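Visitor: give me the fold of what follows.
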Amino acid sequence: MRIVFLLCLLVFSQLASSLPVHADGTVGGSFTVRDNIPPAAVDDLIVAGVTPYSVELKWVAPGDNGDNGTANEYDIRYSPSPISSGTKWAASTPIINNLDPKPAGSNETLTIEGLLPLTTYYFALKTADEIPNWSGLSNYVGVTTPLEYLIGGDDDIKESQLTGPRPLSDPVRLDIQSKKGVVYLDLLPDGSLAHTLIITLDKKNLEITLQKGTVLTDQTGQPVSVVVLESIQPFGTAPAGFDFQSTYSFQPSCVADTAIILKMRYNRERLPEGANERDVTIAYYSQNRWVPLPSTADSATHYANTRTNHFSFFSLIVPQPGATVFPPDGTLLTQLNVKGMTVSSNIIEQGESVLVDVSIANNNNYEADFYLPLLLNGATLDTKYIKLTANQETVETFSVVLDEEGYHTLGVGPVSTTVTVKKAEEPTNLTWLRVPLLWMMVGGVIVMFIVAFINRRMKNGGFFHRF
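Guide: The predicted structure is shown next:
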């Protein structure tokens, strides 16, 4: 052990002798100090502006080292769900930007182009210095881009006010000739409709029937007393095999406790050659895509009809030439045996997805096409058209993203289950503890070595024995 000690002393003396010593006792020489301090994490990211196709973000620039200096680059990403963890950050899409960070404390602004209307986006960012040392994850922000309204010159708003006493048993009819109308609903004290209301818009190309007693609630759960109906330009991508023919907006987005009857007139002359009128369908916009609703087409009146509990945006879709489109006939579900349904998890956080596996069987002795709707809180969320051979059994999987906190019921046919959505928790950033913990570990090892060395010397007859 003495030999090891002497060797260490010799090495230390050689290292010390290689450094110039000045008269004042200081040691001279060149040293390389590695920069291991990352920029501070941004905690004030906000959405400063939004258009149907762009979002403007703002934040205060951090520094090169913490909140000092000037950083080197930003990594800005977006996702359809909250970016609340490192895992979700890694799965998010980077945004190509040439933004040179400003000195710490400066205001940063970035406009992100090329987005889609009526789509929810979440944003977050990280900052790096020249090494690069990367900061922790910033706070995330979310926004839904608005819809771009393209209104012609004949679209003056027609307001229809229900006034004066009316027999409660008689339906009220409102005929709005223009392509945009504001309707004031006549409500009872409990928020329900006092009359059955039949509204036609755009020269009767759209007809909506609201039954007496129906309660329409907005996203905050409050009864809706004023609605705006409008003919708008199609947006997004039509369901596979279909093209848009006409699209309407019903605002504010709301839920009805009683199914509402929706009728949209189609132009037979604009149908593709050879298309079957039974394939004309009404779709509604949900979770950033158009979902076909169980619809029936009346060849005598040229109306497609459906019922729905969710109201926001609706489009009349028609089959493409040569496309194989299964008839969205809700009665086909009664011929399909839904044997069971399972979900990947009954408790998730906001913005997480849940997989729904549905076991189904064709109990007929012949091949058939089936319509399989997935319901969320009683309204159609997604649909599948399935071709099954005679007596075939299979499992169909739906993927659902749930953003709203609370209890939600997912159902297919006669089976259903409840999924609880919890509020997403912000992760705790412990990056600043890494360096102190590292030094504590190194110090602990050194102390353990010294204690072991002293104990060994004491056992051999004292610390200075043999010296």
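Visitor: name the nearest residue to Lys339, sequence neighbours excluded.
Guide: Nearest residue to Lys339, sequence neighbours excluded (C-beta to C-beta, 6 or more residues apart in numbering): Ser359, at 4.2 Å. In this view, the C-beta of every residue, glycine as well, is placed from N, C-alpha and C.
Visitor: cool, Pro94 as well?
Guide: In space, not counting the residues next to it along the chain, Pro94 is nearest to Arg77; the distance is 5.2 Å by C-beta to C-beta, 6+ apart.
Visitor: any low-confidence regions in the stretch 101-250 of the chain?
Guide: Of all residues in the stretch 101-250 of the chain, those with pLDDT under 70 make up the ranges 117-118, 147-170.
Visitor: before we move on, back to that, the residue nearest to Pro94 pairs with what?
Guide: For Arg77, the beta-bridge assignment (DSSP bridges) gives partners Pro94, Ala124.
Visitor: test my guess that it contacts Ser92.
Guide: Yes: in terms of C-beta atoms under 8 Å, Arg77 counts as a neighbour of Ser92; the distance is 3.8 Å.
Visitor: which neighbours do those two share?
Guide: Overlap between the contact sets of Arg77 and Ser92, as judged by C-beta atoms under 8 Å, 6 or more residues apart in numbering, is given by 83, 124.
Visitor: what's the burial count for Ala256?
Guide: 21 (other C-beta atoms under 10 Å).
Visitor: which of the three states applies to Asn455?
Guide: What DSSP: H, G, I helix; E, B strand; the rest coil gives for Asn455 is helix.
Visitor: using PDB, write out the CA atom coordinates for the helix or strand harbouring the residue nearest to Lys339.
Guide: Take DSSP states H and E as the rule and Ser359 turns out to sit in strand 353-362. Output of strand 353-362 as PDB, limited to C-alpha atoms (Å, rounded to 0.1, in the frame of the first residue of the first chain):
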ATOM      1  CA  SER A 353     -55.400   7.400 -27.600                       C
ATOM      2  CA  VAL A 354     -57.400   4.300 -26.700                       C
ATOM      3  CA  LEU A 355     -57.700   1.300 -28.900                       C
ATOM      4  CA  VAL A 356     -61.200  -0.300 -29.100                       C
ATOM      5  CA  ASP A 357     -61.300  -3.900 -30.300                       C
ATOM      6  CA  VAL A 358     -64.800  -5.100 -31.400                       C
ATOM      7  CA  SER A 359     -65.500  -8.900 -31.900                       C
ATOM      8  CA  ILE A 360     -68.100  -9.400 -34.600                       C
ATOM      9  CA  ALA A 361     -69.500 -12.300 -36.600                       C
ATOM     10  CA  ASN A 362     -71.600 -12.700 -39.700                       C
END
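Visitor: next helix or strand past that strand?
Guide: strand 368-376.
Visitor: tell me the strands beside whatever helix or strand comes next after that next one, with direction?
Guide: As assigned by DSSP H and E, the chain's next helix or strand after strand 368-376 is strand 379-388. Here the strand partners of strand 379-388, with direction, are listed using DSSP bridges: strand 368-376 (antiparallel).
Visitor: angle of the partner strand against strand 353-362?
Guide: Taking axes from the mean of the first three to the mean of the last three C-alpha atoms, to 10 degrees, strand 368-376 and strand 353-362 form an angle of 150 degrees between their directions.
Visitor: only the buried residues of strand 368-376, if you could.
Guide: Using 16 or more other C-beta atoms under 10 Å as the test for burial, strand 368-376 gives 368, 370-376.
Visitor: mind putting the residues you listed into JSON lines with pLDDT?
Guide: As requested, the buried residues of strand 368-376 are exported to JSON lines (pLDDT from 0 to 100):
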{"residue": "Ala368", "pLDDT": "67"}
{"residue": "Phe370", "pLDDT": "72"}
{"residue": "Tyr371", "pLDDT": "70"}
{"residue": "Leu372", "pLDDT": "82"}
{"residue": "Pro373", "pLDDT": "82"}
{"residue": "Leu374", "pLDDT": "85"}
{"residue": "Leu375", "pLDDT": "84"}
{"residue": "Leu376", "pLDDT": "85"}
